[in-house]
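Engineer: Below: sequence and its predicted model.
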Amino acid sequence: MFGGRKTTPTFSRHQRRRRAGTLGFPEGACARLKYLPEGHQNVVRQVELAKCTGRGLTRAIQLSAAFVEAVNTQQKLKDLPQIVRKLSQFTIGPWMDYHTICRLLKELRELLTAHGFEDNPGVRWSNTTRAFNTEVFDVFDGSQVVIELLMKPMLYPSEDKSAREQEKVQRMQNLCLEILHHVFANVGIIAQERGEPLDLVHYLFSLMAQQRTFLNAATVLEDMLQVKKDMIRLENIPNFPELVNKFNQQQLANFCRVVSVAMSELSESEDQLTLLYQDEAAKRLSTVPIPDCNQEILVALPDFIQRLVDLACRKLDEEQVSLPSMMNELESWMTWMDSSLAFDALFEILENQDLAYEFLDDPFGPIQVPMAMKAMREIMYKVEVLYVLCILITGKQRNKVQELMAKYKLIPRLNELYEDLIWKCNIRRRVHGEACECSPEIALKIQFLRLSHSFCDHHGNKYLMMSESELNELGRIRAQAELPAVPEVSDIDRELVCKGEKGLLSKIIQTMKTEKPTSPFRFWLCRAVESFLRGVTCFVDQIWLLRRGLLEHVLSVIIDPDCDNKEILQSSFDLLGELMKFNYNSFKRFSRYMDTEEKFQRFLKQVSSHLVDSNMFIRSVVLSQEHFVTKQTEYSEFATTQCRLLIHVGEPKNRTKFLCSLINIIQVSTLTQENVSCLNTALVILMFARRCGSLPLYLQSLREEEMRGYHPGFLLNNFRSLLRFWESHYLRNDKECCALEKVVKSSGISLDYWRETTLTMRGSDRTNVESIVHYIDEPYVEEL
């Protein structure tokens, strides 16, 4: 829940198989049938008859009491089948005995959790045993019986509308929901099967309208939606707008756990992450994707975004909660989040007074524990809310969401909260090592940085991340450089920017400089700052960041001997590329920092040995080298004779090495959003080669590389296939065409020239020296 979203569980072969016969007995149960008394063996024949004719035994509750007793004794099921059988009597007709039903449900709960099936109560049972026991419960119709009890008040509404009667009903429903949660958590495929008809899903939404059943219903609903094959459509939920509008702030925060599953794509396998798979899936899709529809519905809800922003930015002292109500809520959370580390964190605070005092830095000792509880609860809420805001701001409704977030002052309010809560709540030890992301405090920081990244990415609202004095500094830099005003800065509403001396961007940069090179937060810290620079290169923004020592800091991380983490290196190289692109001052600073040959060679080794991670930086340097030589010619001598980095990248033999490596590490079948940039970087190198008439030399170099490896046609055929895919992916796909436009604007090369160069190299004219096929021996040419 906290380090990231839950994914669809992978089931073992034992869990995946269709259980034997119509009743679905586990293999162990079926194997023992032959040991039953002879009078009971006709059960198998009755099951087979039901499979063929539809008549006979179709549900386990139809089994005779003697048979159930025999199975229970043989397999030592501790009376679980009999309990289910007794409960099934209450699913027929309107009569209810709530006292008996609740007693039986509690017995079931004990058997499905804790030590219910343990011969030795002191030994924790394995996940396999837990799954098997849950399947036994399901085989004997336990899941269906509990669901029928849960939904019975809807089918047979009670004439007694008193508060006491309603309390009995809701107590029973909460027990049913608790059992279903444990069943679904133990064996996800059961949740998948029970969620296919939408009756139960819709009923769970209706239970969220009741204060007493809200949290339990939300948790079971989340269990089901996360393993459901098809994403649910919010437009089909009865009275959905009215339901959400009734939620208080606490319920809305918990509701975010559920609704986030309906707004983002379901978990994908590794094959489904490839661009080829996604393009083929998009061709088959004839309607608007369900996540896009659901996001549109949520954004259109009255005050929905405003309420989320209020929750995300709420301070600890803004909500007065009594200790009894707090403990009641925590008890509910403990019941449902038994597999989460959230309350390990909470009670670690409660048990260690020094940590609580350190966290709050408050001299009043007696109030520290309840305040720590409030802080932990608020952290958990903010994690969920920030995640939903991240999804919305990166979806189809992005522009509208951006406008609303700016209107409700999301960024300046987060800026006020940054030092007091967001980056102060680092109180827990990492359970799974340095890179552990599963505690709520760490998750809060990551979700906050993700939202900052998405808020800035290619949008003029990024300047809201600055304070008024910092915006004035931008104006002075612009005036000194004699550059025209930028409307996003000059026309900004100063009431919406960060208050105080430092804006949110400055605080993120300061945090980045204090984190260790191997910090798990560094990836998202770099991403947040890099997104501020994305788009058309802005000299003024670069200078503002250079003045804060950011370039030197990033270089120190890249050449740090202990830094070999792929994600950290990638984000650092990407940020460095944006800082240096087309900026003479950045390259001067780079040269001053790389004042020894050892440093420079260490840096080049990191570039060449992590090519997928550094390719965006390579592209930036190639673009800058060409820019200084052809456009800012006053820096031409610097680029060709003084800057070692520009000289190194400008040499044709080094560009050829980069080109061969970039093409060799990717194939159409393995292209993802992560590595497709390698193809675009290769194209940038070749477009400049074509512009100066040396494209044939580079293509000939690729042929020579093939021959050295005794693989004629391999590299060139692969490159030709990549170009064909590039054309279909970017030029015939509206969504990806927008992504290409961003790449084009960032490169300064026209889209027409990208298209023209690609089509020329991919062409089938063997006489054209700019065509790849010209360099492949005819027997090795592969048809596209």
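Structural biologist: Nice, thanks for sending it over.
Engineer: Pretty sure residue 615 is one of the things residue 607 touches, is it not?
Structural biologist: No. Assessed by CB atoms under 8 Å, residue 607 is found out of contact with residue 615, at 9.2 Å. Every residue, glycine included, has its C-beta placed from N, CA and C.
Engineer: higher neighbour count, the two?
Structural biologist: Shown here are residue 607 and residue 615; by other CB atoms under 10 Å, residue 615 has more neighbours (28 against 21).
Engineer: ok, back up a step: who touches both of residue 607 and residue 615?
Structural biologist: The contact sets of residue 607 and residue 615 do not overlap (CB atoms under 8 Å, 6 or more residues apart in numbering).
Engineer: remind me which residues of the stretch 601-750 of the chain are low pLDDT?
Structural biologist: Scanning the stretch 601-750 of the chain for pLDDT under 70 picks out 710, 732-736.
Engineer: Could I get the full set of helices for it?
Structural biologist: 611-630, 636-637, 644-650, 652-664, 676-691, 695-708, 714-731, 734-747 (DSSP state H, counting those that start in this stretch).
Engineer: name the helices or strands packed onto the second one?
Structural biologist: Packing partners of helix 636-637 (3 or more CB pairs under 8 Å, 6 or more residues apart in numbering; DSSP states H and E): none among the helices and strands.
Engineer: Show me the domain layout of this structure.
Structural biologist: Structurally, the chain divides into domains by automatic domain parsing as follows: 22-75, 76-230, 260-462, 662-784.
Engineer: re earlier: can you add distance to residue 166 and give the helices of the stretch 601-750 of the chain back as JSON lines?
Structural biologist: Listed next are the helices of the stretch 601-750 of the chain as JSON lines, based on distance: least, CB to CB, whole Å:
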{"stretch": "helix 611-630", "distance to residue 166": "59"}
{"stretch": "helix 636-637", "distance to residue 166": "82"}
{"stretch": "helix 644-650", "distance to residue 166": "73"}
{"stretch": "helix 652-664", "distance to residue 166": "67"}
{"stretch": "helix 676-691", "distance to residue 166": "57"}
{"stretch": "helix 695-708", "distance to residue 166": "76"}
{"stretch": "helix 714-731", "distance to residue 166": "57"}
{"stretch": "helix 734-747", "distance to residue 166": "49"}
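Engineer: Out of the ones you listed, which is closest to residue 148?
Structural biologist: For these, the distance to residue 148 is smallest for helix 734-747, at 44.6 Å, taking CB to CB.
Engineer: residues of the closest one that come out buried?
Structural biologist: In terms of neighbour count (16 or more other CB atoms under 10 Å), helix 734-747 has its buried residues at 736, 740, 743, 744, 746, 747.
Engineer: contacting residues around it?
Structural biologist: By CB under 8 Å, 6+ apart, the residues outside helix 734-747 that reach it are 282, 458, 534-537, 581, 619, 623, 680, 684, 729-731, 750-751, 754.
Engineer: Name the next helix or strand following that helix along the chain.
Structural biologist: From helix 734-747 onward toward the C-terminus, using DSSP states H and E, the following helix or strand is helix 751-762.
Engineer: Between helix 676-691 and that next one, find me the angle.
Structural biologist: 90 degrees (axes from the mean of the first three to the mean of the last three CA atoms, to 10 degrees).
Engineer: Just the mean pLDDT for helix 751-762, thanks.
Structural biologist: On average, the pLDDT along helix 751-762 is 94.
Engineer: Mind listing what's buried along that helix?
Structural biologist: Judged by neighbour count using 16+ other CB under 10 Å, the buried positions of helix 751-762 are 751, 754, 755, 757, 758, 760, 761, 762.
Engineer: Leaving out the residues flanking it, which one is nearest to the third one?
Structural biologist: On the basis of CB to CB, 6 or more residues apart in numbering, the spatially nearest residue to residue 755 that is not a chain neighbour turns out to be residue 731, at 6.6 Å.
Engineer: Now do the same contact list for the one you found.
Structural biologist: 737, 740, 755.
Engineer: What of residue 104?
Structural biologist: Residue 104 makes contact with 83, 86, 87, according to CB under 8 Å, 6+ apart.
Engineer: try residue 244
Structural biologist: Residue 244 sits in contact with 252, 255, 301, 304, where contact means CB under 8 Å, 6+ apart.
Engineer: what about the first one, neighbour count?
Structural biologist: The burial count assigned to residue 252 is 22, neighbours taken as other CB under 10 Å.
Engineer: State the pLDDT value of it.
Structural biologist: In this model, residue 252 is scored at 94, pLDDT.
Engineer: Next: the one 4 residues further on.
Structural biologist: Per-residue confidence at residue 256 stands at 94 (pLDDT).
Engineer: Need the nearest residue in space to it, chain neighbours excluded.
Structural biologist: residue 384 (4.0 Å).
Engineer: measure that neighbour to residue 444 for me?
Structural biologist: Taking CB to CB, to the nearest Å as the measure, residue 384 falls 10 Å from residue 444.
Engineer: cool, and residue 554?
Structural biologist: 25 Å.
Engineer: same question, residue 494
Structural biologist: Look at residue 494 and residue 444: by CB to CB, they are 29 Å apart.
Engineer: Likewise for residue 92?
Structural biologist: Residue 92 is 49 Å from residue 444, by CB to CB.
Engineer: now residue 622
Structural biologist: Here the criterion is CB to CB. By it, residue 622 lies 39 Å from residue 444.
Engineer: Equivalent analysis for residue 486, please.
Structural biologist: Taking CB to CB, one finds residue 486 at 33 Å from residue 444.
Engineer: out of those two, which sits in the busier spot?
Structural biologist: More neighbours surround residue 444 than the other of residue 486 and residue 444, with 23 against 18 (other CB under 10 Å).
Engineer: by contact count, what packs against the host helix or strand of the more buried one?
Structural biologist: In the assignment (DSSP H and E), residue 444 maps to helix 440-456. The helices and strands touching helix 440-456, judged by 3+ CB pairs under 8 Å, 6+ apart, are helix 342-351, helix 368-393, helix 410-417, helix 504-514, helix 522-533.
Engineer: how about residue 75, phi and psi?
Structural biologist: Note on residue 75: backbone dihedrals following degrees, to the nearest 10 are phi -100, psi 0.
Engineer: Tell me where this protein has strands.
Structural biologist: With DSSP state E as the definition, the chain shows no strands.
Engineer: In this structure residue 408 contacts residue 309, no?
Structural biologist: Yes. With contacts counted by CB under 8 Å, residue 408 reaches residue 309, the gap being 4.4 Å.
Engineer: who has more neighbours, the two?
Structural biologist: More neighbours surround residue 309 than the other of residue 408 and residue 309, with 22 against 19 (other CB under 10 Å).
Engineer: Work out the gap between stretch 455-475 and the centre of the chain.
Structural biologist: Relative to its parent chain, stretch 455-475 has a centroid offset of 27 Å by CA atoms, centre = their mean, to the nearest Å.
Engineer: Quick one: end-to-end length of that stretch, please.
Structural biologist: For stretch 455-475, the separation between the terminal residues is 22 Å (CA to CA, to the nearest Å).
Engineer: Contacts only, for residue 761.
Structural biologist: Contacts of residue 761 were listed using CB under 8 Å, 6+ apart, and they are 686, 695, 699, 719, 720, 723, 770, 771, 772.
Engineer: Based on its surroundings, how many neighbours for residue 642?
Structural biologist: Residues lying near residue 642 (other CB under 10 Å) number 13.
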